[in-house]
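Asks: here's my sequence, what's the structure:
(one chain, ligands or ions: 1)
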Amino acid sequence: DTGSAAAIPINEVDIAYVTPVTIGTPPQTLMLDLDTGSSDLWVFSSLTPSNQVRGQEIYSPTKSSTSKLLSGHTWSIRYGDGSGSRGTVYTDNFTIGGLEVKSQAVQAALEVSSSFTQEQSLDGLVGLGFSALNTVRPSSQLTFFDNARPNLDEEVFTADLKYHATGSYDFGFIDSKKYAGNITYTAVQQSPGYWTHSLSGYSVGSGAFHASQISGISDTGTTLLYLPTAIVTAYYRQVQGAQNSQYYGGYVFPCSSTLPTFTFGIEGARFTIPASYINYTRISPTSTTCYGGLQSSSGLGINIFGDVALKAAFVVFSGTNPPRIGFAIK
Ligand SMILES: CC[C@H](C)[C@H](NC(=O)C[C@H](O)[C@H](CC1CCCCC1)NC(=O)CCNC(=O)[C@H](Cc1ccccc1)NC(=O)N1CCC(N)CC1)C(=O)NCc1cnc(C)nc1N
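Replies: Just a heads-up that it's a prediction; the model follows:
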């Protein structure tokens with residue numbers, strides 16, 4: 001089997017991407033954020049208090065003839081940005097881009113934090129990390145990818161995220177029309193459950209390439225690129241008027257500044273992030289100060305290769321044994 005679905009930016013600065021999925025019988029369509037940085041599939045539901053729902057589509061298990069309560073099971077998740085949700089668990093038929101998993105664990109929210117309520121374009125998440133990170137108790141549940149794997153033509157899914165445009169997620173096949181040249185693979189460390197791997201180094205603009213192993217996670221659910229402070233300061237040193245603002249919680253600069261590109265290595269291959277991806281957003285609609293798409297990871301305890309980096313490449317998440325991740329120019 002294979003599947004292919006759109007990855008649609010939810011706002012004009014690509015803060016996140018959502019993908020249409022269907023759940024249950026008859027199919028209920030929700031827009032979910034496919035997130036390689038977590039492993040829970042949870043949705044706004046008919047069980048979510050109405051004062052916490054603001055425009056999201058909801059999953060109603062009672063309206064699905066194929067839903068089953070996974071009795072006695074609960075879940076509770078906290079994300080890196082402090083947001084979170086918790087609830088109960090059903091199994092139901094779940095489809096992404098024509099690829100169906102019967103009896104997928106669908107985690108119905110009984111409570112969501114305010115940032116989820118405020119994000120009306122996001123109806124929940126599909127975790128595509130390793131199933132070890134799943135928070136359902138007493139028995140943890142498998143991700144959509146882990147459930148689909150035995151039926152996939154190839155044990156892979158690919159992410160083709162785009163800058164200010166709709167991209168795609170493919171399951172079970174690698175679409176050679178979506179990239180140029182070769183795919184460069186590198187080893188993945190699957191514990192504790194993220195897609196953890198190393199970059200082979202970086203360069204700023206037309207500067208020399210600095211070879212160094214930089215370990216981090218490729219995370220489609222994180223908006224920006226978070227790297228060690230030394231690399232980030234070297235980058236913004238090239239930007240007139242840039243400063244690391246305590247007030248804004250990161251590097252800001254005059255929106256009129258000329259930004260250099262940023263290049264990262266995967267083994268021997270090189271991937272260049274255009275300056276426009278790093279000129280992330282104005283700090284307010286009328287401001288002439290802009291917030292960078294490259295920020296320091298010092299507060300996170302982990303480097304995160306988020307959407308700003310991933311949208312510069314075609315990325316193959318390979319569930320083979322051992323797992324690996326591949327990057328290609330597009
Ligand atoms: C089982 C837990 C699971 C693995 C969890 N995984 C993650 O947190 C990574 C995961 O990819 C999550 C997935 C997000 C969660 C929010 C909704 C969208 C998806 N990523 C993050 O939390 C990275 C930081 N957040 C972000 O990057 C969010 C994403 C977002 C997008 C749209 C709307 C709202 C939020 N972006 C922003 O808040 N932005 C606004 C500010 C702007 N400057 C950048 C964009 C984890 O590590 N949790 C441990 C954890 C707990 N508590 C804390 C405090 N930190 C933690 N790391």
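
Asks: just the helices in the stretch 201-330 of the chain please.
Replies: Along the stretch 201-330 of the chain, counting by DSSP state H, counting those that start in this stretch, helices occupy 229-236, 275-278, 307-310.

Asks: so of those helices, which one's packed in deepest?
Replies: Most buried of these, by mean neighbour count (mean count of other C-beta atoms under 10 Å): helix 307-310, with a mean of 26. The C-beta positions use only the backbone N, C-alpha and C, and glycine is treated the same way.

Asks: ok, now which ones touch the residue in the chain positioned nearest to the ligand?
Replies: The minimum distance from the chain to the ligand, using C-beta to the nearest ligand atom, falls at Gly37 (2.5 Å). Gly37 makes contacts with Gly80, Gly129, Tyr194, Ile217, Asp219, Thr220, Gly221, Thr222, Ile304, as judged by C-beta atoms under 8 Å, 6 or more residues apart in numbering.

Asks: recalculate using a threshold of 7 Å.
Replies: Listed by C-beta atoms under 7 Å, 6 or more residues apart in numbering, the contact set of Gly37 reads Gly129, Tyr194, Ile217, Asp219, Gly221, Thr222.

Asks: and Phe209, by the same measure?
Replies: Applying C-beta under 7 Å, 6+ apart, the residues near Phe209 are Gly201, Ser203, Gly265.

Asks: check Gly181 too.
Replies: Ala328, Ile329.

Asks: same check on Pro228?
Replies: Applying C-beta under 7 Å, 6+ apart, the residues near Pro228 are Ile214, Ser297, Asn303.

Asks: interface residues of the stretch 1-150 of the chain facing the ligand?
Replies: 15-16, 33, 35, 37-38, 77-83, 115, 119, 125, 133, 135 (C-beta under 6 Å from any ligand atom).

Asks: what do you get if the cut-off is 5 Å, keeping everything else the same?
Replies: Contacts of the stretch 1-150 of the chain with the ligand, taken as C-beta under 5 Å from any ligand atom, map to Ile15, Ala16, Asp35, Gly37, Ser38, Arg78, Tyr79, Gly80, Asp81, Ser83, Glu119, Leu133.

Asks: check the third one and give its pLDDT.
Replies: Note for Asp35: predicted pLDDT of 98.

Asks: burial of it, as a residue count?
Replies: 22 (other C-beta atoms under 10 Å).

Asks: how about the fifth one?
Replies: Look at Ser38: counted by other C-beta under 10 Å, it has 24 neighbours.

Asks: helix, strand, or coil at it?
Replies: coil (DSSP: H, G, I helix; E, B strand; the rest coil).

Asks: these two touch, right, it and Gly127?
Replies: Yes - when contacts are counted by C-beta atoms under 7 Å, Ser38 is listed as touching Gly127 (4.4 Å).

Asks: can you pull the contacts of the nearest residue to Phe262 once chain neighbours are set aside?
Replies: Nearest residue to Phe262 in three dimensions, chain neighbours excluded: Ile273, at 4.6 Å (C-beta to C-beta, 6 or more residues apart in numbering). Contacts for Ile273 (C-beta under 7 Å, 6+ apart) come out as Thr261, Phe262, Val308, Ala309, Ala312.

Asks: backbone dihedrals for the residue nearest to Leu128 when sequence neighbours are not counted, please?
Replies: Residue nearest to Leu128 in three dimensions, not counting chain neighbours: Thr36, with 4.6 Å by C-beta to C-beta, 6+ apart. Here is the backbone geometry of Thr36 (degrees, to the nearest 10): phi -70, psi 0.

Asks: my read is that Thr36 contacts Ser218, right?
Replies: Yes - counting by C-beta under 7 Å, Ser218 is a contact partner of Thr36 at 6.2 Å.

Asks: any idea how far Ala275 is from Gln295?
Replies: Distance of Gln295 to Ala275, given as C-beta to C-beta, to the nearest Å: 15 Å.

Asks: closest one of the contacts of Ile273 to Thr48?
Replies: Val308 (30.7 Å; C-beta to C-beta).

Asks: thought that closest one was touching Gly293?
Replies: Yes - using C-beta under 7 Å, Val308 is in contact with Gly293, at 4.0 Å.

Asks: what do the two both touch?
Replies: Common neighbours of Val308 and Gly293 (C-beta under 7 Å, 6+ apart) are Leu224, Leu225, Tyr277, Ile278.

Asks: which parts of the stretch 51-200 of the chain are helices?
Replies: 114-118, 144-148.

Asks: next, give phi and psi for the closest residue to Asp219 other than its chain neighbours.
Replies: Spatially, and ignoring its direct neighbours in sequence, Asp219 is nearest to Gly37 (3.5 Å; C-beta to C-beta, 6+ apart). Per-residue torsions, Gly37: phi -100, psi 10 (degrees, to the nearest 10).

Asks: how far away is Gly37 from Ala312?
Replies: Taken as C-beta to C-beta, the span from Gly37 to Ala312 is 18 Å.
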